[in-house]
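1. Need a 3D model of the following:
(chains A, B and C)
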Amino acid sequence: MRDLRDRIVNSILFVPTLFSGVLLIVMVLTLIQKSGQILSTRPLADLLFSSSWQPFAGNFGFLPFIMGTIWVTALAMLAAVPISLLSAIYLSEYAHARVRDIIQPVIDLLAGIPSVVYGLFGILLVVPLIKYSVAPLFGITSSGYCVLAGGLVLAIMVFPILISISYEVFRTVPLEMREASLGLGATRWETVKHVVLKKAFPGVIAAVILGFSRAFGETMAVLMVVGNVARVPTSVFDPAYPIPALIANNYGEMMSIPLYDSALMFAALLLLLVVIVFNIAARYVLVKVMAVA
Amino acid sequence: MMDRRAVEEQLFRGLMYLSLAIVLGSLFLVFAIVVFKGAAALNIAMVTQVPHGGYYLGKEGGILNAIVGSIYLAVGAIILATGISIPTAWYLQNLSQRSQYAAGIRMMLDIAAGIPSLIYGAFVFLIMVMVQARASLLWGIITVGIFITPLLTRAIDEVMQTVPSKLKEASYSLGATRLETIYHVVTRQALPGLITAILVAFGRGIGDAASVLFTAGYTDSIPASLNDPVATLPLAIFFQLGTPFPQVQERAYASGIILLVIVLIICIGSRYLAKKYVRYSIK
Amino acid sequence: MNATEISIKNFTISIENREILKNISVDIPKNQITVIIGPSGCGKSTLLRSMNRMTDLLEHVTTDGEIIINGKNVLDPAINLSQLRKNVGMIAQAPNPLPMSIYDNIVYGLRIHGMKDHKSLDRQAERCLKSVGLWNEVHDRLKEPASTLSLGQQQRLCLARALAIEPEILLCDETTSALDPISAKHIENELIALKNDYSIVFVTHVLRQAKRLADYVIFLYLGEVVEHGPAHEVFTNPKDPRTKAYLEGVFG
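-> Now for the predicted structure:
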């Protein structure tokens, strides 16, 4: 009798479980369907590689947005990866438990701060800093709302995910391997270089990919500091217009112009597909890495 | 020879300290700026009044609309999300831990959790357009609810997985079924972690802007029903930051510090609660 | 009177406020196999690991007393750990190959300590692999990952790896306990052959093995040296009643 009840309950539980998966598939399909319109009227190459964005005239070249996204994300990752890796190495290989206990909550806090608050911080500190201090250093005049601002703020936002996943990956390297290296007279850093990083390499790559994915999709903070000008950036002091910003700024008004809604949904589809692919690849590697532990 | 190695060791140690300093320093800077500006903008009027004129008129008033609005929305969303997440976590626990099927579901949840909230917002907006609905509290709750569900589910799942198997064995050996064990034993043992997971998801939901941008609307008043548009703290910051009127900007700063304080409370609160409830759990 | 390799004087070590070893004083002879015996958990491994300062890896360790190797107290914080560990090699309980090829495993220590010349590395690798009896089995697949070897082969690899940097002392921490009897026998025979050139300290909780290997015996019980001396004396004529009891298998 209880068995029967259990089985019934189990079947009921199955429904909410399906929810997220079904939702995911529905979202992808819906976006594909919505993108259909613009994809059928413009060749894909045009959409992806043209830099002419004039929706009123029917020109939907996504290049400025794709390049904007790449510039900002690349800058953020360039800054964040070394800092995060070194921090994770320190936490895993050098720090006492007490130090870890202090730093862990700090990272959790960083992870919990909402995107808009980072945007607020960006506007209040980073943008003026660039406008009045950094750009003049290079002899450039900039409004401060530029790739550099977006990249810096984004880098800070990506620290937590990079540090925590890298740390977890380092923890899966068996203690005995470190002992083998140290026992032969290697220094701590040599052990990190030759043994820990080597063994943890796939996992670290996965962490970086996940960081990328997070940076790619980050919307509000970047939107608030990056300038939102639809031109391909030529320097880090130029404004940019990443894809999430494009969607966020416009999808409320998209009904008024023909094909505009389809174009924006296409942008959303691009974003979604990149994020999904990155996530699948990284998670797959991580599952393998963590399973050994 | 040894000199070079010692130098290398010291060099990288230095770089590590520098990196940590940057990470800690960033947090400090973010807090410092937002608290500095926000504290200056906070006063009784700010938190007890709704705005008297909004963006274009620059009148006085506070952000009560956003505070109450955010609370309504986040509470609704977390109830919705918990309602989906807990059964899903139970279902997952019930499956054999080694099954490919369970791994597949977890993978799928992880991916869903990694999708930007903007996409969830855009998707729900499409549906709203289809059914010709207007932006409202209800749609905001739905959007935030479905976007925090995957990460809440995985967090609860992770917590339940840490329950030691000997507890489950004890339950089985007394004749309980799998589901009974999950319901009575696992959930109870996992309670502190569960509360933490819910709090963290709540924090995520209340702070998100991209998902509510076009689904919840914005208004200067407090919603009287689920069909009314609702103001949220994140959007209060976003919309009011760009105005030339300092009184309006003040509201943005106040919203900022309130959000930050909420995050701080959640962080500290979940640690405290976890420690407090650990009494009932077996170590 | 045999020469002394390691001189331990009044050595005490506490880990996380628990005293593991109390006031240990004993001399480890040169070019012999010294076996440390005693029931599990009595501090044998800790004593071994103190000799090459691997105990530094644990948290909250306090020590007192001296461990003198080559005239220097290795517990001195000013000691160069890298050099110490070059001189005092260790082979752990379970094989712990590094995540690299067989060749890279052997020459890892050499590279770390500065040897770059290919030919010298090759020569040393061959020499050491031969001395542990692995050369014939692996010489044609040196570039393969070390993880593809069997457990017994891996442990011999670890021994070869330790020998490559030409230490004076070899510390063996229950080195054969994870292996099948045949591989264990291989390793034991190799160690016996090596003692002419190295001083070997071997920890084991298997009395039979101790009797096979030992030239010198140290009986450790509850963190203290109860008895020590040449193997035949301790095994046939133990002076302390606790030693007697242990040898008769009264407690494991």
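
2. So for residue 92, what's the pLDDT?
-> No chain specified, so I'll use chain A. pLDDT, residue A:92: 94.

3. actually it's chain C I care about, not the one you picked
-> With respect to pLDDT, residue C:92 has a value of 91.

4. Quick check: closest non-adjacent residue to it.
-> residue C:173 (5.5 Å; Cβ to Cβ, 6 or more residues apart in numbering or on different chains). Just so you know, the C-beta spots here come from the backbone N, C-alpha and C atoms, and that holds for glycine as well.

5. Give the bridge partners for that neighbour, please.
-> Beta-bridge partners of residue C:173, counted by DSSP bridges, are residue C:203.

6. Number of residues surrounding it?
-> 20 (other Cβ atoms under 10 Å in any protein chain shown).

7. from memory it sits against residue C:47, does it?
-> No. Counting by Cβ atoms under 8 Å, residue C:173 does not reach residue C:47; the two are 10.1 Å apart.

8. quick one: common contacting residues for those two?
-> Jointly contacting residue C:173 and residue C:47 under the rule Cβ atoms under 8 Å, 6 or more residues apart in numbering or on different chains are residue C:203.

9. For burial, what's the neighbour tally of the residue nearest to residue B:232 when sequence neighbours are not counted?
-> The shortest distance from residue B:232 to any non-neighbouring residue, by Cβ to Cβ, 6+ apart, is to residue B:70 (4.7 Å). Neighbour count of residue B:70, defined by other Cβ under 10 Å: 28.

10. quick one: residue B:70 from residue B:216, how far?
-> 10 Å (Cβ to Cβ, to the nearest Å).

11. Give me every residue in the stretch 101-250 of chain A lying close to chain C.
-> A:174, A:176-187, A:190, A:194-195, A:198-199 (Cβ under 8 Å from any Cβ of the partner chain).

12. got the contact list for residue 242?
-> Just so you know, I chose chain A. A:65, A:68-69, A:72-73, A:150, A:222-223, A:226 are the contacts of residue A:242 under Cβ under 8 Å, 6+ apart.

13. The chain in question should be chain C.
-> So residue C:242 contacts C:219, C:221, C:226-227 (Cβ under 8 Å, 6+ apart).

14. ok, it to residue C:227 distance?
-> In terms of Cβ to Cβ, residue C:242 sits 8 Å off from residue C:227.

15. Next: residue B:260.
-> From residue B:260 to residue C:227 the distance is 67 Å (Cβ to Cβ).

16. again with residue C:206
-> For residue C:206 relative to residue C:227 (Cβ to Cβ), the value is 18 Å.

17. quick one, which of those two is more surrounded?
-> Per other Cβ under 10 Å, whichever of residue C:206 and residue C:227 has more neighbours is residue C:227, with 20 against 13.

18. nearest spatial neighbour of whatever residue of chain B ends up closest to chain A, skipping sequence neighbours?
-> Of all residues in chain B, residue B:207 sits closest to chain A, at 2.7 Å by Cβ to the nearest Cβ. Leaving aside its chain neighbours, residue B:207 sits nearest to residue A:114 (2.7 Å; criterion: Cβ to Cβ, 6+ apart).

19. what's the neighbour count on the residue nearest to residue B:102 when sequence neighbours are not counted?
-> Of all residues beyond its chain neighbours, the one nearest residue B:102 is residue B:95 (4.2 Å), with distances taken as Cβ to Cβ, 6+ apart. For residue B:95, the neighbour count with other Cβ under 10 Å is 16.

20. Same question for residue B:99.
-> Neighbour number of residue B:99 under other Cβ under 10 Å is 11.

21. likewise residue A:7?
-> 12.

22. ok, then the element right after whichever helix or strand it is part of?
-> Element membership of residue A:7, judged by DSSP states H and E, is helix A:2-41. Downstream of helix A:2-41, the next assigned helix or strand under DSSP H and E is helix A:44-49.

23. Just give me the neighbour total for residue C:59.
-> 9.

24. Is it correct that it falls within a helix?
-> No. Looking at residue C:59 with DSSP: H, G, I helix; E, B strand; the rest coil, it is coil, so not inside a helix.

25. now the helices for chain B?
-> Using DSSP state H, the helices assigned to chain B run over residues B:2-41, B:44-48, B:54-57, B:64-94, B:100-114, B:117-130, B:137-161, B:165-173, B:178-180, B:187-189, B:191-207, B:233-241, B:246-277.

26. Now render the ones you listed as CSV, adding mean pLDDT and distance to residue C:196.
-> Output for the helices of chain B, formatted as CSV (pLDDT from 0 to 100; distance: least, Cβ to Cβ, whole Å):
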stretch, mean pLDDT, distance to residue C:196
helix B:2-41, 92, 30
helix B:44-48, 81, 84
helix B:54-57, 56, 90
helix B:64-94, 91, 61
helix B:100-114, 89, 55
helix B:117-130, 91, 71
helix B:137-161, 93, 55
helix B:165-173, 77, 52
helix B:178-180, 74, 63
helix B:187-189, 78, 59
helix B:191-207, 90, 59
helix B:233-241, 90, 76
helix B:246-277, 85, 60
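
27. I'd like to know which of these is closest to residue C:107.
-> helix B:2-41 (16.7 Å; Cβ to Cβ).

28. And the closest one, what does it pack against?
-> helix A:63-89, helix A:97-112, helix A:115-121, helix A:147-171, helix A:188-191, helix B:246-277, helix C:81-87 (3 or more Cβ pairs under 8 Å, 6 or more residues apart in numbering or on different chains; DSSP states H and E).

29. Which residue, other than its chain neighbours, is closest to the closest residue to chain A within the stretch 151-252 of chain C?
-> Of the stretch 151-252 of chain C, the residue with the smallest distance to chain A, taken as Cβ to the nearest Cβ, is residue C:165 at 6.4 Å. Excluding its sequence neighbours, the residue lying closest to residue C:165 (Cβ to Cβ, 6+ apart) is residue C:109, at 4.0 Å.

30. That neighbour: how many residues sit nearby?
-> Residue C:109 has 27 neighbours, counted by other Cβ under 10 Å.

31. Excluding chain neighbours, what is closest to residue 35?
-> You didn't pick a chain, so chain A it is. residue A:266 (3.9 Å).

32. The chain in question should be chain C.
-> residue C:214 (3.9 Å).

33. Please tell me I have it right and that neighbour contacts residue C:29.
-> No. Using Cβ under 8 Å, residue C:214 is not in contact with residue C:29; the gap is 11.1 Å.

34. Mind checking which of the two has more residues around it?
-> residue C:214 (23 against 17).

35. related to what we said a few turns ago, most neighbours, which of the contacts of residue C:242?
-> Neighbour max across the contacts of residue C:242 (other Cβ under 10 Å) = residue C:219, 25 neighbours.

36. Provide a list of residues in contact with it.
-> Neighbours of residue C:219 in contact, by Cβ under 8 Å, 6+ apart: C:36-38, C:225-228, C:234, C:238, C:240, C:242-243, C:246.

37. Looking at neighbours, which among those residues is most surrounded?
-> residue C:36 (29 neighbours).

38. Could I get the phi/psi values of that one?
-> phi -100, psi 120 (degrees, to the nearest 10).

39. Likewise for residue C:210?
-> Dihedral angles for residue C:210 - degrees, to the nearest 10 - are phi -60, psi -40.
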